[in-house]
Structures are given as C-alpha cells and as structure tokens.
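Asks: pasting the structure only:
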Ligand code: ADP
C-alpha cells in the first residue's frame with residue numbers, strides 16, 4: 001500500500017501552501033476541506049441532513065448552506081459545531097477512503113486533514129506532518145487571505161487544538177515562520193524523504 005502522509009495544522013498555518021508544493025513535486029494530494037465543500041455544495045449528499053439538524057439557524061443560499069453563515073454559526077455555538085461534525089466527518093472520511101481506493105499513485109499520498117488529531121485520524125495515515133506557526137502570524141495570514149474579522153479568526157483558533165497538543169502527535173514538523181522560499185526548501189527536503197520511504201515500503 002502506498003505511503004500516506006497526514007498533513008495537519010491550525011487555520012492559516014500554511015497547510016494549503018505546503019500541499020500545493022507537495023503536489024508540484026508529484027505527490028498525490030487529497031484535501032478533506034475540498035471534500036467537505038463538495039458534500040455541502042448544492043445537491044451534495046450532506047445538505048439535507050445538515051439542514052434538518054440545524055434548521056432555520058442556518059441561512060441557505062442557492063440550495064446549499066451559506067458557507068460564511070455556516071462558519072459564523074458553528075464558531076459561535078459549540079453545540080451546532082458538534083452536530084455539523086457528527087454528520088460531516090463520517091461522510092468525509094468515507095469519501096476520502098473511497099477516493100484512495102479508486103486512485104493509484106506513483107509516489108505517495110498527502111492527505112490534508114485540518115482536524116486530523118482532533119478526529120483521531122492518525123490510524124488512517126503512516127506519518128503525521130504538522131505545519132506549525134505562531135498564533136499571531138496565523139491570525140494575520142488568515143485575516144489577510146479571507147478578509148475575516150479578528151474576533152471570528154480568534155474564535156476559530158480557540159476552537160482548535162492547542163499547537164503543543166498537535167505537535168505532540170507529529171512525526172515530522174514544518175515551522176512556517178520564514179519566507180516562501182524557505183518553506184519550499186523544507187517541503188522539498190521532506191519530499192525526498194517521503195519518496196525514499198515509499199520505495200522502502202513499495
Ligand atoms: P491553511 O491552509 O493552513 O489555512 P494557507 O496555506 O492558506 O493556510 O496559508 C495562509 C495564508 O498565508 C495564505 O494566504 C498563504 O499564501 C500565506 N502563507 C503561507 N505561508 C507563508 C509564508 N511562509 N510566507 C508568506 N505567506 C505565507
């Protein structure tokens with residue numbers, strides 16, 4: 001079976017950027033966020049269940065939950081977040097495993113799973129790679145990327161695992177405090193390592 005790297009980290013730590021670099025070097029990347037988007041897109045398999053669970057607390061736009069409103073709701077109300085996750089996570093993991101069955105890779109898989117440690121998904125992967133970055137830098141990057149207000153980004157940060165708890169589960173770590181060129185060099189180094197490991201396990 002091909003090597004599976006579980007890539008995780010807090011919001012704005014740099015997961016998508018790192019995943020893009022791995023993909024550019026030839027790794028096969030699957031992203032749980034993208035899968036969740038599909039599950040909640042108009043006509044998606046989780047739309048009806050989420051609407052039934054959250055009712056009129058959830059504004060619907062063009063047949064699907066409004067993403068901004070959904071995010072604001074779940075980071076205001078922990079109970080709503082739990083209800084959403086109870087529907088979404090099992091469906092998203094099932095879809096991820098199905099995609100893995102259907103695909104072959106000539107190198108290794110990078111599975112981007114933001115809540116990897118929170119959902120106990122370590123057993124689904126061979127190695128856990130954590131992207132880490134100081135809180136303030138994370139907040140700044142997210143506010144810049146999405147134009148979200150600071151209070152919401154702080155609530156999202158607070159709802160996630162503390163960085164040291166995530167790091168305690170890491171086999172490998174990327175400290176993303178430098179330039180993009182430095183990040184690229186670190187990802188290239190890990191890519192070589194994972195290629196080598198894939199050859200050993202093949
Ligand atoms: P995540 O997927 O973990 O939420 P992203 O990869 O989207 O994080 O990164 C958050 C933002 O920070 C993006 O706009 C990205 O371009 C930027 N970014 C990430 N790493 C760096 C870096 N080393 N230097 C400058 N900007 C960065």
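Replies: Received, thanks. All of these numbers come straight from a predicted model, not from anything done at the bench. Numbers count the residues shown, from 1 in each chain.

Asks: what about the closest residue in space to residue 165 that isn't next to it in sequence, how many residues close to it?
Replies: Nearest non-adjacent residue to residue 165, counting by CB to CB, 6 or more residues apart in numbering: residue 117, 6.9 Å away. (Glycine included, C-beta is placed from N, CA and C.) Residue 117 is flanked by 21 other residues according to other CB atoms under 10 Å.

Asks: list the contacts for residue 117?
Replies: 8, 128, 161, 165-166, 169 (CB atoms under 8 Å, 6 or more residues apart in numbering).

Asks: What residues does this protein have near the ligand?
Replies: 9, 11-17, 141, 145, 176, 179-180, 183 (CB under 6 Å from any ligand atom).

Asks: Quickly check these for the two that are furthest apart.
Replies: Using CB to CB, the residues of the chain next to the ligand span at most 20.7 Å, a distance reached by 11 and 179.

Asks: more neighbours, these two?
Replies: More crowded of residue 11 and residue 179, by other CB under 10 Å: residue 11, with 18 against 8.

Asks: A helix includes the more buried one, no?
Replies: No - counting by DSSP: H, G, I helix; E, B strand; the rest coil, residue 11 is not found in a helix; it is coil.

Asks: mind listing the helices for this protein?
Replies: Remark: helices assigned in the chain by DSSP state H are 15-24, 32-39, 47-54, 67-74, 78-102, 135-146, 150-159, 163-167, 180-201.

Asks: Where does the prediction get shaky in the chain?
Replies: Scanning the chain for pLDDT under 70 picks out the ranges 201-202.

Asks: change it to 90
Replies: Applying pLDDT under 90 to the chain flags the ranges 1, 51, 54-69, 71-72, 75-76, 103-106, 145-149, 159, 199-202.

Asks: List the contacts of the residue minimising distance to the centre of it.
Replies: When CA atoms, centre = their mean is applied to the chain, the residue found nearest the centroid is residue 114 (2.8 Å). Applying CB under 8 Å, 6+ apart, we find residue 114 in contact with 8-9, 11, 15, 32-33.

Asks: quick one, phi/psi of it?
Replies: The phi/psi pair for residue 114 (degrees, to the nearest 10) reads phi -50, psi -40.

Asks: rewinding a little: from the contacts of residue 114, pick the one nearest residue 107.
Replies: Taking CB to CB as the measure, residue 107 lies nearest residue 15 of the contacts of residue 114, at 18.9 Å.

Asks: Share the number of residues neighbouring the closest one, please.
Replies: Using other CB under 10 Å, residue 15 has 24 neighbouring residues.

Asks: quick one: it and residue 112 touch, right?
Replies: Yes - if you go by CB atoms under 8 Å, residue 15 and residue 112 touch, sitting 5.6 Å apart.
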